[in-house]
Each structure stands twice: as C-alpha cells, then as structure tokens.
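**Q** no sequence on this one, just coordinates:
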DNA sequence: GTGGTCTAGACCACC
DNA sequence: GTGGTCTAGACCACA
C-alpha cells in the first residue's frame, strides 16, 4: 500500500480498515488481522497500526476480545456509511463544486469523466 | 480570517494569497501587502506570513523587490490555475468518484446537487 | 564549524550538507543527523537547521520519513554535482576570466598556481 | 545594467564604478556622473547610488568637491588594482581551484575555455 | 525519539 | 518603510 504524504499514516490505516468493511471484505463479527500482521503487510511500525486500531475502537467500528484479537462491530457498516456520506455531502462535495466553478469545469465534462472512471473501474 | 485546524496556518496563507490572485483581487506586477501588514491583519506572527511568502517565492507566484516589498509575478495566474487544475483532475476528482461509487451516489444526483449549488451561488 | 559573515547561516548549512554528500561522507538512503543534533553540534538554534533542511527537501537532496528523520535522496549526489557544475561554468568561471583579463593575469600564471595548489592539497 | 540577486545593489554599483576606473573610462581627477544621473541611468533609487558613493569616498576611490560633484582620486587606479588582485589571489582563486578539484575539471579544459573566452571578448 | 509549527522579540541590511 | 535572519522557548503529531 502506498501512503499519501499529506495525511498521517495511522489515519490512512483507519480509512483502509473502514473501506474493507464497507466493501464487505471484512465482515461483521469477524476477526480482523492482528496488529503485527497488518503492520508487516503494510510495512509500517506496529505502534502505528496500534494507534489506528485504538481510534477505531473509540469510534465503535471494531471491538477487542482480550487475548483473541479485534472484531468488526455489528453495526460497523451502517456507522461508517452514514458518517462517510455526511462528510461527503456536507464538506467534500461543496469544495469540489467550488473548485469546478473556479476552474470553469462544466457538469457535462464531469459526467463524461465519471463514465470513463466507471469503465476503467469495471475492467479491473 | 478563520484558520482551519487541519492545516498549518502558513499553508492556509499561501492558499489565501493564491485565491486573491486567481480572483484578480491582487493583480499581476502589483505589490501585495507587506509581511507586517498581512500579519497584523490576519492576527498571526510576522514570521508565519514570512514563511508563506518564502514558499510563494519559490513557487514563482510572487517575487521580491529589495527594500520595496513583494509583487505578483507576471504569470502567477496561469501557474496557479494549471497547478490547481492538475491537482483537481489527477487527485481530487478520482477520490470523489471513488467515494460516490462506494456510497452508491449516482451521477444524476450529483448533477442536481451541482445545479442547486450554482443557484445558491448565483443568488449571493 | 565557523560561519562566514557574508552569508546566512542556514544557507551555509545547506552547503555543508551538500558537501558531506558530495564527499560521500553521508551516503545515499542513509539517515542524516537529526535537527536537534546538528543544531547542538553547530551551536545554532534548531530552527536554523530546520530552515536549511526544509530547503534541502524542496531541492530534492534529502527526504523525510515521518517520525524517523531525514535521509539522503537516491540521486542527491548527481543533483548536487550537476547544479554545482552548472553554476561554476556559467557564472563563477566567466567572472574569474573577466577578473584575470582586468588584472592582466595570464593563463600560464594560473596554470602554475593551480599546480602548486594541487601539490599543497596532495601533501595533506 | 542588470543586477545580480545575490548581492546588494549598492555594492554592485561600487564595483561598477571601480571597473570604469580600472578600464580607464573614468579617468583620474575627472568628474564622475552625479548621484541623480547615475541613478536614473541605472534605474535605481538615488539613495542607493548615494550609499555607493559614500562607500567609495571612505575607501578613497573618489572624493567630493562641495557643490561640484565627485571626482576620481589621483591614486584610485592603483588602489583598486592592488585591492582586487589581493582578493583574487587570496580568496577567489583558491575557491575556484577547490571547485575544479571537486568537479574534476582539468587545467587543460580550463585553458581551452579561457581561450574561447578571450576570442568572444575580442569580437565585441 | 523524530520533524514541524508558531510566537515573541530582537537585530540587520536595504531602499 | 521593506524583507530577512536568528534566538529562545513552547507545543504538537507522529513512529
């Protein structure tokens, strides 16, 4: 996995975990990778993954069974979905629209770009 | 001006300056506010504004006339515009599309939201 | 280390770092001294070293691994070498020739001086 | 005249004046341009030329006749020549040699570059 | 431990 | 008046 320079790694890891859940790759009430496993897979310091898991626990996305590992919460999917949708509609989208306006990009151009995005995505 | 918590102040100041230029409030070959003036206006330490101006100089957006102040470069507008467009198309837009896909938001919904955005914007 | 009066300290530090790399004392992909360490060694304020490192990062000579420190870029040596050669041939050398011309110093005299320079240098 | 970014303008003006004298364009005991004239010719602030002339007076290169203007000192040429030669041999040349050594530039290459410099210079 | 940001305050060269 | 440099000291996020 390639990490962006602009954001701290542990936050990018929380996003990664949430996405796995949203895409139903990690299912509810199932065990997620241990701190060490994920750390070695992502090639980061275990402390960093630990930090991410702690945050996810606070957010109620995962919970810990002592000695057994971390598990996806029952309502994790819904939680993530609504939180993400809220953020998207309230802050990301307006910012995008603002930039489009500033750069003079039309909705038609956006539409055609979205279609080729879907096409590219479909191929994979 | 209110600064966001998520980004360092000096970077927000560079964005602010670029915005002024893009909106043609500060025109090319004209003097921009002195370090001290902008600092007192934004209520930050002069060093912080200095840091921002230094970065803008390196990016070729402004240049310094010794003892006189900082001036908007001749090609500042184009530079900012193309840099911003590049960033939008290469990274912001794909991220937006990815999120739309993840959240199941259709292009039609986006379109209608954009129209109401334009309408809101127009009213002001 | 003794700093010259004519140039700002932070610029002299960037030169110092580049010199270490050019002389292969600090090798590529290796960690360079931390901001605090170099600052206490050179007896300057950490901010001053910070300023130098920031510039070197922008020039692509070093890069930062978050929380770990700064590392010499893979192509740092080549970058520094070509930048330095460019500057020498385009500006330092013509200036030297101009002065020689003005002072009536012949190329033969220069040659003999260079030889004794090499001899002196060799002895050390 | 084009001023370098690296050095203060008033110092570059003193160098300019000294060079005129060394090249015998401004001869001893003759009047040099007034502060205002030189300022408008070089397109700088009169204060800046004033500052340069003050320094030249301190160095004994020029002297002031009240109400008449500034004149080249009798021994200006010799003074400038010896000062410049001293600086060249003691500091500029060793630095040049050091850089040549570092960049692996041979004395033969230097020689050929000097010849083409002389040729270029001769044409003008 | 690492870099990074910010403030306060001083001093300087330059125009 | 202008920018620029430097110090001292604090605080934070990150690994």
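**A** Thanks, I have the structure now. Note that the structure is a prediction, hence the values are computed from the model and not measured. Numbering: from 1, shown residues only, chains lettered A, B, ... in the order given.
**Q** What is the neighbour count of residue A:49?
**A** Residues within reach of residue A:49, counting by other C-beta atoms under 10 Å in any protein chain shown, total 24. Yep, even glycine has a C-beta here, placed from its N, CA and C like the rest.
**Q** How about residue A:62?
**A** A total of 25 residues lie near residue A:62 under the criterion other C-beta under 10 Å.
**Q** domain ranges for chain A?
**A** Split into domains by automatic domain parsing, chain A comes to A:9-76, A:77-123.
**Q** any residues touching stretch A:6-16, and which ones?
**A** Identification of contacts with stretch A:6-16 by C-beta atoms under 8 Å, 6 or more residues apart in numbering or on different chains yields A:1, A:3-4, A:38, A:42, A:44, A:48-49, A:51-52, A:55-56, A:59, C:66.
**Q** and if you look at stretch A:69-77?
**A** A:21-22, A:24, A:26-32, A:34, A:53, A:56-57, A:60-65, A:79.
**Q** so which of the contacts of stretch A:6-16 is the most crowded?
**A** Per-residue neighbour counts (other C-beta under 10 Å) across the contacts of stretch A:6-16 peak at residue A:52, which has 26 neighbours.
**Q** packing partners for the host helix or strand of that residue?
**A** Under the criterion of DSSP states H and E, residue A:52 resides in helix A:46-58. Judged by 3 or more C-beta pairs under 8 Å, 6 or more residues apart in numbering or on different chains; DSSP states H and E, the packing partners of helix A:46-58 are helix A:9-22, helix A:35-42, strand A:62-65, strand A:69-72.
**Q** how about the first one, does it get close to DNA strand E?
**A** No. When contact is scored as C-beta under 7 Å from any atom of the strand, no part of helix A:9-22 falls within range of DNA strand E; the minimum is 12.0 Å.
**Q** If you compare the directions of that helix and helix A:46-58, what angle comes out?
**A** Here helix A:9-22 runs at 50 degrees with respect to helix A:46-58, directions being taken by axes from the mean of the first three to the mean of the last three C-alpha atoms, to 10 degrees.
**Q** quick one: helix A:9-22 to helix A:35-42, angle?
**A** Helix A:9-22 and helix A:35-42 are oriented at 100 degrees to each other (the same axes, to 10 degrees).
**Q** Now do the buried residues in helix A:9-22.
**A** A:9-10, A:12-14, A:17-18, A:21-22 (16 or more other C-beta atoms under 10 Å in any protein chain shown).
**Q** So for it, mean pLDDT?
**A** Averaging pLDDT along helix A:9-22 gives 90.
**Q** ok, now the last one?
**A** Along strand A:69-72, the predicted confidence averages to a pLDDT of 92.
**Q** Just the buried residues of that strand, please?
**A** Neighbour-count burial for strand A:69-72 [16+ other C-beta under 10 Å]: A:70-72.
**Q** Rounded mean pLDDT for the helix of greatest length in chain A, please.
**A** Longest helix of chain A, by residue count under DSSP state H: helix A:107-123. Averaging pLDDT along helix A:107-123 yields 86.
**Q** Any idea how far that helix is from the middle of the chain?
**A** Centroid separation between helix A:107-123 and its chain, computed with C-alpha atoms, centre = their mean, to the nearest Å, is 22 Å.
**Q** Kindly report the same for stretch A:79-94.
**A** Per C-alpha atoms, centre = their mean, the centroid offset for stretch A:79-94 relative to its chain is 12 Å.
**Q** same thing with stretch A:22-39?
**A** In terms of C-alpha atoms, centre = their mean, the gap separating the centre of stretch A:22-39 from the centre of its chain is 13 Å.
**Q** could you give the angle of the longest helix of chain A to helix B:107-123?
**A** Relative orientation of helix A:107-123 versus helix B:107-123 (the same axes, to 10 degrees): 150 degrees.
**Q** quick one: helix A:107-123 near chain B?
**A** Yes. Judged by C-beta under 8 Å from any C-beta of the partner chain, helix A:107-123 and chain B are in contact via A:107, A:110-111, A:113-115, A:117-118, A:121.
**Q** Taking the residues you listed together, which two end up most distant?
**A** Pairwise distances across these (C-beta to C-beta) peak at 20.4 Å, for the pair A:107 and A:121.
**Q** Distance check, the residue at the greatest distance from the centre of chain A against DNA strand F.
**A** Residue farthest from the centre of chain A, counting by C-alpha atoms, centre = their mean, is residue A:104 at 30.0 Å. Look at residue A:104 and DNA strand F: by C-beta to the nearest atom of the strand, to the nearest Å, they are 32 Å apart.
**Q** Quick test: name the residue nearest the centre of chain A.
**A** In chain A, the centroid-proximal residue (C-alpha atoms, centre = their mean) is residue A:15; its distance is 2.8 Å.
**Q** Residue A:107 and residue A:121 - which one has more neighbours?
**A** residue A:107 (15 against 11).
**Q** so can I have CSV of the residues of helix A:107-123 next to chain B showing distance to residue C:100?
**A** Listed next are these as CSV, based on distance: C-beta to C-beta, whole Å:
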residue, distance to residue C:100
A:107, 67
A:110, 64
A:111, 68
A:113, 61
A:114, 66
A:115, 68
A:117, 64
A:118, 69
A:121, 66
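**Q** Please indicate which of those residues are buried?
**A** With burial judged by 16+ other C-beta under 10 Å, the buried subset of the residues of helix A:107-123 next to chain B is A:110, A:113-114, A:117.
**Q** Could you let me know which of the residues you listed ends up closest to DNA strand F?
**A** Of all these, DNA strand F sits closest to residue A:117, with 29.1 Å by C-beta to the nearest atom of the strand.
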